[in-house]
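K.L.:
Fold the following and give me the result.
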Amino acid sequence: MAIESAPPLPCPSSIDPYEKLKIVYYSENDSLTRLFPIPCTNATCDDNPGQEHVLTKDIPLEKTSLRLFLPVKPPLNGKLLPLVIYLHGGGFILCSAENTVFHDFCVLMATTLPAVIVSVDYRLAPENRLPAAYDDAVEAIKWVQNQALDVDGGHKWTESEVRLVNNETLPLSVCDLMWDLSLPRGVDRDHEYCNPVVNGDARKGEKIGLLGRCFVSVRGRDILMDHQIEFVRMLEGRGVSVVCWFDEIGYHGIELFDRNKAEALIVVLKDFVSSSRVTRE
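P.N.:
Below is the predicted model of the structure:
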């Protein structure tokens, strides 16, 4: 049986690709003006109802960035979440990881697979011709490899940070911004100025062990609760005597706004000071 050949394409094409893509190309500097308005969605650490409880965060890389999607409620079977590295569409010349259509699809993947999604906001051509986008994808893979992934398979948010992501006093997005603006540029949250629990110089560990008796107040509705408990365990592991006072229903800084909570804390502090006082002979 004879095989019919496909009909020839119309030539020249009646479709103007520049008009179709809503772009203007400037050959003198090999660049585009992109005229098509594409809705965007900002990364946020808030679990909006429409986002199916997914935390998102933009992570800067050397020449670009990536957007991280982490399910708030991972599976309870103890298994590690898979990780998907996602490159958005656009023929290497259009769009970005922040475009709503790609953002929402990554949210859908994160919640239904479920999985941690790393969406690469690669550099666009012709301003950055290939292999720039490929290089950015490789950099994203290396970033993933360099992360100390926790049991949830992603960014090291603690259980209390996830549970209290929208806490009225100190939401996760506010806490992250404060650290981003206060830490030295280019460092992460495992820097010694932010995380004293990270293993570092042995001499620093020895100095910690020389601390006197310490008092740590922990509030059950404080987004920093897990970090505080980890800090207490680190001190105890160094041989430091620690009094840890736990208020199950208190939130971050509650003693500044609730007189009863302030007085309760003062009572405990007074007892701590009295029991720690050394009398002079």
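
K.L.:
Parallel or antiparallel, list what pairs with the helix or strand that contains Val218.
P.N.:
Using DSSP states H and E, Val218 sits within strand 214-221. The strands beside strand 214-221 in its sheet (DSSP bridges) come out as strand 242-251 (parallel).

K.L.:
Can you give the distance of the strand it pairs with from its chain's centre?
P.N.:
27 Å (CA atoms, centre = their mean, to the nearest Å).

K.L.:
Quick check: buried residues in it?
P.N.:
Within strand 242-251, the residues that qualify as buried are Val242, Val243, Cys244, Trp245, Asp247, Gly250, Tyr251, counting by 16 or more other CB atoms under 10 Å. C-beta coordinates here come from the backbone N, C-alpha and C atoms, glycine included.

K.L.:
so after that strand, what's the next helix or strand?
P.N.:
helix 259-276.

K.L.:
And the most centrally placed residue in the chain, how far from Leu70?
P.N.:
Nearest residue to the geometric centre of the chain (CA atoms, centre = their mean): Lys57, 4.3 Å. Distance, Lys57 to Leu70, using CB to CB, to the nearest Å: 8 Å.

K.L.:
Please apply the same query to Glu19.
P.N.:
From Glu19 over to Leu70 (counting by CB to CB), the distance is 40 Å.

K.L.:
which of the two has more neighbours?
P.N.:
A direct count of neighbours by other CB atoms under 10 Å for Glu19 and Leu70 places Leu70 higher, at 22 against 9.

K.L.:
For the helix or strand encompassing that one, which helices and strands make contact with it?
P.N.:
According to DSSP H and E, Leu70 maps onto strand 65-71. For strand 65-71, the packing partners by 3 or more CB pairs under 8 Å, 6 or more residues apart in numbering; DSSP states H and E come out as strand 54-60, helix 100-112, strand 116-121.

K.L.:
elements contacting the longest one?
P.N.:
The contact analysis (3+ CB pairs under 8 Å, 6+ apart) places helix 100-112 against strand 54-60, strand 65-71, strand 83-87, strand 116-121.
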